[in-house]
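In: Have a look at this fold, sequence not included:
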């Protein structure tokens, strides 16, 4: 699936990934390839990009939203920095 992480200032990440773990307001959840369409609010916490089944990278994010549609996940957050 395609993942984009955007802040008001810049694009933080864009590329094809296996999945992403996100800090939802009701708890941690994961979006994988071919996930059903959804929109969810995010709280401050750690976002983990699953580049494949073995490689990951993570970011500390501020609150925001995630949209999953047509195998593309777009994360809109107030701020993010790589861990």
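Out: The structure has been received and is ready for your questions. Just so it is clear, the structure is predicted and the values come from calculations on it, not from any experiment.
In: can we go C-alpha only for contacts and neighbour counts from here?
Out: Will do.
In: can you name the farthest residue from the center of the protein?
Out: Relative to the centre of the chain, the most outlying C-alpha is that of residue 54, 17.5 Å out, by CA atoms, centre = their mean.
In: Residue 78 - how many residues pack around it?
Out: The burial count assigned to residue 78 is 14, neighbours taken as other CA atoms under 10 Å.
In: That one and residue 10 touch, don't they?
Out: No. Using CA atoms under 8 Å, residue 78 makes no contact with residue 10, being 10.5 Å away.
In: Model confidence score at the residue farthest from the centre of the chain, please.
Out: As predicted, residue 54 sits at a pLDDT of 90.
In: and it, helix, strand or coil?
Out: State at residue 54, reduced to three classes by DSSP: H, G, I helix; E, B strand; the rest coil: coil.
In: residue contacts, it?
Out: Shown in contact with residue 54 (CA atoms under 8 Å, 6 or more residues apart in numbering): no residues.
In: and with 10 Å instead?
Out: Neighbouring residues of residue 54 by CA atoms under 10 Å, 6 or more residues apart in numbering: residue 18.
In: any idea how far it is from residue 1?
Out: With the distance defined as CA to CA, to the nearest Å, residue 54 ends up 16 Å from residue 1.
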